[in-house]
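Undergrad: A predicted structure for the sequence below; I have some questions about it.
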Amino acid sequence: MDDIWQEMYQFLSTGQDVVMATIIQHSGSTPRTSGSKMLVCRDGRIVGTIGGGPVEADVIETAQTVFAKNESLLKTYDFNTSTSAAAMDLICGGRFKILVEYLTAEQVTVQMIKLLTDVVAGGQQSVRLCRLIKSPDTDGVAIDHAVMDVGTTWLGTLQPSEGLQTKIDEEKQRSKTTTLFEYDDQQYLLEVIVPLETVYVLGAGHVSKEIVPLLHHASFKTIVMDDREEFANTTRFPEADRVVVSSGYSQVFAERMPDANSYVIIVTRGHSYDKECLGQALHTEASYIGMIGSRKKREQIYRSLLKEGFPADALERVHCPIGLAIGGETPFEIAVSIVAEIIQHRARKRA
């Protein structure tokens, strides 16, 4: 889950209305895709981004109109037309539709956003549904919305019928993020909010110390593990979601096994520890497994694992040497290459 929902809850729970801008449709070349969000406060502060540049500036200005009128708006930007492109000095093309939504600090809205954040923080996906009722004369839009609790219980001003629920379930299978759909001559926006993907960082040395802040900024949850308390601690890793001091590396996933939404980075202080961790990681469903080291080290560890009975195709899952080949040498440069590869892997998986 993006931190923007937590930020939104903080604003609303303290009595501050906000405007949330969401890209709800996109095509062609656009800086951000559907589901991207930005919060705008009355004083002009923003949280998040929908791509920057003149479009974002225009949406921020539009947000002040939304505050003044207490009315949500739908805006369409089409840079495939020469007039629109010239007006904003943009030549990249593309088209997107943005919902500029006014969210008041009334109790039901606060409760909905709290439910959403609680469900996702508990490791489950949440669903937000909006019915968009467009004004026939203006860009204004009225919104009925609800958030799904565990199961099919909804909290909010919108209670889906059985037929609409079936349609929602179909759309959830078709799109894993944000989608617009029609049902019974009405337009709906469906948002699926999922927990942050978890990265297990095995080893708490110099490279890990640079990796974790980058992963935090890239919206990953991080768990750092090492057998040395002087390295594995929250002072060294303030951005980590959890820091674990283990008795060794023989059971690194004893408490929790990485699932298909998890990533494993192996950067321990020794080849034998790396091999031990890699052998365990290969028994998990982790989406990404990366191990630091040279090609010579990789060949040696792979030969050893093959002798132990690991199939050759299992080793094809491993990214080693880890990271994109950017020629980095320092711990920071190596960390950048590793996190860049993980971001690339996440983007390809989502696509």
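TA: Yep, that arrived. Numbers count the residues shown, from 1 in each chain.
Undergrad: contacts and neighbour counts: CA atoms only from here.
TA: OK.
Undergrad: Give me the average confidence score over the longest helix belonging to the chain.
TA: Across the chain, the longest stretch assigned as helix under DSSP state H is helix 331-350. Computed over helix 331-350, the mean pLDDT rounds to 95.
Undergrad: Show me what it is in contact with.
TA: Helix 331-350 is contacted from outside by 206-208, 210-211, 214-215, 218, 288, 322-326, 328, using CA atoms under 8 Å, 6 or more residues apart in numbering.
Undergrad: tell me which residues in that helix are buried?
TA: The neighbour-count check on helix 331-350 (16 or more other CA atoms under 10 Å) flags 331-332, 334-343, 346 as buried.
Undergrad: ok, now which ones touch D149?
TA: Applying CA under 8 Å, 6+ apart to D149 gives the contacts 115-116, 119, 126, 155.
Undergrad: Hmm, M148 is touching W154, no?
TA: Yes. Using CA atoms under 8 Å, M148 is in contact with W154, at 4.5 Å.
Undergrad: Q300 versus the residue of the chain positioned farthest from its centre, what's the distance?
TA: Largest separation from the mean C-alpha position in the chain: K307, at 38.9 Å (CA atoms, centre = their mean). Taking CA to CA, to the nearest Å as the criterion, K307 is separated from Q300 by 11 Å.
Undergrad: Same check on L215?
TA: The value you get for L215 to Q300, if CA to CA is used, is 29 Å.
Undergrad: Neighbour count: these two, which is higher?
TA: The neighbour count for L215 versus Q300, taken as other CA atoms under 10 Å, is higher for L215 (23 against 12).
Undergrad: Help me confirm that the more buried one is found in a strand?
TA: No. Counting by DSSP: H, G, I helix; E, B strand; the rest coil, L215 is not found in a strand; it is helix.
Undergrad: Provide a list of residues in contact with it.
TA: 221-222, 339.
Undergrad: if we can go back for a sec, now for the contacts of D149, which pair is the farthest apart?
TA: Pairwise distances across those (CA to CA) peak at 12.6 Å, for the pair V119 and L155.
Undergrad: which ones are touching the closest residue to T30 other than its chain neighbours?
TA: Leaving aside its sequence neighbours, T30 sits nearest to G94 (CA to CA, 6 or more residues apart in numbering; 5.4 Å). Each residue near G94 by CA under 8 Å, 6+ apart is listed here: 26-30, 78-80.
Undergrad: so what's R256 scoring on pLDDT?
TA: On the pLDDT scale, R256 gets 89.
Undergrad: Name the SS class of it, please.
TA: Per three-state DSSP, the secondary structure class of R256 is coil.
Undergrad: burial of it, as a residue count?
TA: 7.
Undergrad: ok, now H319?
TA: Around H319 there are 18 residues (other CA under 10 Å).
Undergrad: Please apply the same query to E255.
TA: Applying other CA under 10 Å, we find 7 residues neighbouring E255.
Undergrad: Quickly note the distance from it to A232.
TA: 17 Å.
Undergrad: Kindly report the same for C320.
TA: Distance from C320 to A232, by CA to CA: 24 Å.
Undergrad: How about T178?
TA: 38 Å.
Undergrad: G51 now?
TA: 36 Å.
Undergrad: Have a look at those two and say which one is more surrounded.
TA: Between G51 and A232, counted using other CA under 10 Å, the more crowded position is A232 (22 against 17).
Undergrad: Where does that one fall, secondary structure wise?
TA: Using DSSP states H and E, A232 maps to neither a helix nor a strand.
Undergrad: Which residues are in contact with it?
TA: 204, 224-226, 243-245.
Undergrad: quick one: the helices in this protein?
TA: Under DSSP H, the chain gives helices at 3-13, 53-69, 82-87, 107-121, 162-174, 206-217, 271-281, 295-307, 312-315, 331-350.
Undergrad: Go through the fourth one and flag the buried ones.
TA: I take that to be helix 107-121. Neighbour-count burial for helix 107-121 [16+ other CA under 10 Å]: 109-117, 119-120.
Undergrad: name the helices or strands packed onto it?
TA: helix 3-13, strand 126-134, strand 140-148, strand 154-156 (3 or more CA pairs under 8 Å, 6 or more residues apart in numbering; DSSP states H and E).
Undergrad: now the ones you listed as JSON lines including mean pLDDT?
TA: JSON lines is the format used below for those (pLDDT from 0 to 100):
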{"stretch": "helix 3-13", "mean pLDDT": "93"}
{"stretch": "strand 126-134", "mean pLDDT": "94"}
{"stretch": "strand 140-148", "mean pLDDT": "93"}
{"stretch": "strand 154-156", "mean pLDDT": "93"}
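Undergrad: I'd like to know which of the ones you listed is closest to G270.
TA: Among the helices and strands packed on helix 107-121, helix 3-13 sits nearest to G270 (CA to CA), with 35.3 Å.
Undergrad: Flag every buried residue along that closest one.
TA: Buried-residue list, helix 3-13, by 16+ other CA under 10 Å: 5-6, 8-9, 11-13.
Undergrad: Then stretch 154-161?
TA: 154-157, 159-160.
Undergrad: Adding distance to G35, write those out as TSV.
TA: Converted to TSV, the buried residues of stretch 154-161 look like this (distance: CA to CA, whole Å):
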residue	distance to G35
W154	21
L155	21
G156	21
T157	22
Q159	23
P160	22
